[in-house]
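[1] Here is the input, now give the coordinates:
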Amino acid sequence: MPANKARGEVDLTLGGDTYTIRPSFDRIANIEGQVGGILPFLERLQTNRWTVTELVTVVQCMMRGQSDGPKPKEVPDLMLQAEDGVISFVGPVAEFLTNCVTGGRKEPKDEGNGKVAA
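    Residues are numbered from 1 along each chain as shown. Prediction:
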């Protein structure tokens, strides 16, 4: 079943198998603990200042909790074996991290008139 974009899900293909990954607090906390925060890492992705080790680590965190997924120690080799190599994971990782901080919405939700209640 393809990812439900309204839930912030993304599809991630490793070793020829596609996994649907949904943002969760545990995944967010694991990623932040490993790469020093989602927003700084997103900035590094956007400015091509990321390392392969960071990207692999984030994918390992994304895959945690996938009962049918590969073990964390298998992820690096699976990423290296991807048709376009590790660079092919930048897009899905950036989309996932963006969804983590926006709830999957592309535009901010209108919460009213922007004024603080008196």
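
[2] can you map out the strands along this structure?
    For the chain, the strands defined by DSSP state E occupy 10-14, 17-21.

[3] May I see the ones you listed organised as a markdown table, with mean neighbour count, distance to Thr51 and mean pLDDT added?
    All C-beta atoms are positioned from the backbone trio N, CA, C, and that covers glycine. Output for the strands of the chain, formatted as a markdown table (neighbours: other C-beta atoms under 10 Å; distance: least, C-beta to C-beta, whole Å; pLDDT from 0 to 100):
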| stretch | mean neighbour count | distance to Thr51 | mean pLDDT |
| --- | --- | --- | --- |
| strand 10-14 | 19 | 19 | 95 |
| strand 17-21 | 16 | 21 | 95 |
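
[4] Pro24: what's it in contact with?
    Quick fix: residue 24 is Ser, not Pro. Gly65 (C-beta atoms under 8 Å, 6 or more residues apart in numbering).

[5] Asn30 against Val58, yeah?
    No - the criterion here is C-beta atoms under 8 Å, and Asn30 misses it with Val58 at 9.1 Å.

[6] neighbour-wise, which of these two wins?
    Val58 (24 against 18; other C-beta atoms under 10 Å).
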